[in-house]
Structure formats: C-alpha cells, structure tokens
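# give me a 3D structure for the following:
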Amino acid sequence: MHIELYTDGSSRGNPGPGGYGLILRAGPHYKELSCGYRLTTNNRMELLSVIVGLESLKNPGSEIVVYSDSKYVIDSVTKGWVFGWVKKGFAGKKNKDLWQRFLRIYPKHKVTFQWVKGHNDHPENERCDVLAVGAATGKVLLVDEGYENGLAG
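Take a look at the predicted model:
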C-alpha cells in the first residue's frame, strides 16, 4: 500500500517550547498526530515528526513518501550524511538520540522523501504546521528527555 506522510516541526524559540504535527494518508485512511514539548529545538521536532509517523505504521515494507519542508531531515538522509555520521559515532553531531531512533525504523519501510516549500499554501504542510504550533503552545507539554538530559549531542 502507498502511504503519504506529511510532517512539520515547530519551536517557539530555538530552543524553546516545541511540537510536531503529522498527517498519515493511505487510500481512504487519514490520521493526524501531534505532540508538544516544554524545551526542544525546531530540528528535533522536524525529525521527530518523521520518526513518529514511521513508527505509527503497522506493516513493515510499506512504500512511504515523506513530505517535509525540512532540508535538515531530507538532506541528511537523501545525501547520505546520517550514514556517515553513524560510522563516525555521531562525533560532533546534534540529535544523535533521534537519529539513532530514526535509523531503527527507517530500514523497515521503503521510504522516499519529497521536499515541499514551507508556508507556501501546500494544504497538508499548512495543516501540519497548525498541528505543530498548536502542540508547542498547548497546555500539556512533555519533557524532551534527549534534549533536556544532554543526550542529543
């Protein structure tokens, strides 16, 4: 089954309160997810939105197109940077904890990435932005353990 995953991350200050929003769509199925954190960064939320989306899928081997406005996430994967970081033990790289989590789920699916220009009237990207900002400014904010405990690198 072909699955579309739209993602966005937000932080109100960098670092600051942050959140992610995502949309999963496969045929007639549609699901939105979002979550907020009390202290994090924009790049962490961009990456976490992709991770949570992939982790939400029940069937390994799915064909997924990830739509994101994050050059950080897309370039790190499509240009192979993250795989080089693994070989170097993520020396000097940020978000090691999330990249390791990403690398546990990524190989379980057939994932391709498509960059979309942010804040450019792309309906799903705009909706993900609303979800991410709403989560970041919400009343219930979780602790980004990796960031707050210095595990992010």
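# and F113, what element?
Assessed by DSSP states H and E, F113 sits inside strand 110-115.
# please name the strands paired to that strand in the sheet, noting orientation.
With DSSP bridges as the test, strand 110-115 is paired with strand 63-68 (parallel).
# buried sites along the strand it pairs with?
64, 66-68 (16 or more other C-beta atoms under 10 Å). (Glycine included, C-beta is placed from N, CA and C.)
# circling back to that earlier point, contacts for the strand holding F113, please.
54, 61-69, 71, 73-74, 77-78 (C-beta atoms under 8 Å, 6 or more residues apart in numbering).
# and which of these is nearest to G89?
When the contacts of strand 110-115 are compared for distance to G89 (C-beta to C-beta), V77 wins out at 18.4 Å.
# next one: phi and psi at that closest one?
V77 adopts backbone torsions of phi -90, psi -50, taken as degrees, to the nearest 10.
# tell me the pLDDT at the closest residue to F90 other than its chain neighbours?
Among residues not flanking F90 along the chain, K96 sits closest, at 4.1 Å (C-beta to C-beta, 6 or more residues apart in numbering). According to the prediction, K96 has pLDDT 95.
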